[in-house]
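1. Next come a sequence and a model predicted from it.
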Amino acid sequence: MNEIKRALLRKLVRHGYWGGRHTSIDNLHKGFPSHLHKEVKNVTKDLIQKGTLLVKPTSYGMEVSLNPRKRKEIELILKGEQ
């Protein structure tokens, strides 16, 4: 689960989805093997509950971005220290 969390956060950081720049929640599982899609959704829900991911409801679906206030915490997760 931590590996999935790290890979998901790395993907969002690489594409620059911080604060105002966001992506559809439906795109987060792309790039992961199909048998892990459910795990990715569970990790996403967990990150939203912890406030690591920000949610923006739109008329065409839910959008997510990284919380800039949690940058230090995200960097620790990416380094494997958390």
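-> Arrived safely, thanks for sending.

2. low pLDDT regions in this protein?
-> By pLDDT under 70, the low-scoring segments of the chain are 82.

3. Could you pull out the helices in it for me?
-> In the chain, the helices defined using DSSP state H lie at 2-15, 37-50, 71-79.

4. which helices and strands sit right next to the shortest one?
-> Okay, so that is helix 71-79. Applying 3 or more CB pairs under 8 Å, 6 or more residues apart in numbering; DSSP states H and E, one finds that helix 71-79 makes contact with helix 2-15. (C-beta placed from N, C-alpha, C; glycine too.)

5. change it to 10 Å
-> With contacts taken as 3 or more CB pairs under 10 Å, 6 or more residues apart in numbering; DSSP states H and E, helix 71-79 sits against helix 2-15, helix 37-50.

6. can you redo the helices of the chain as JSON lines with distance to S24?
-> Below are the helices of the chain laid out as JSON lines (distance: least, CB to CB, whole Å):
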{"stretch": "helix 2-15", "distance to S24": "12"}
{"stretch": "helix 37-50", "distance to S24": "11"}
{"stretch": "helix 71-79", "distance to S24": "20"}
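
7. between those helices, which one is nearest to G61?
-> Closest approach to G61 among the helices of the chain is made by helix 37-50 (13.4 Å; CB to CB).

8. Relative to the whole chain's centre, how far out is that closest one?
-> 8 Å (CA atoms, centre = their mean, to the nearest Å).

9. and V43, how many neighbours does it have?
-> Residues lying near V43 (other CB atoms under 10 Å) number 23.

10. Can you tell me which of the helices and strands packed on helix 71-79 is nearest to L76?
-> Closest to L76 of the helices and strands packed on helix 71-79, according to CB to CB: helix 2-15, at 10.5 Å.
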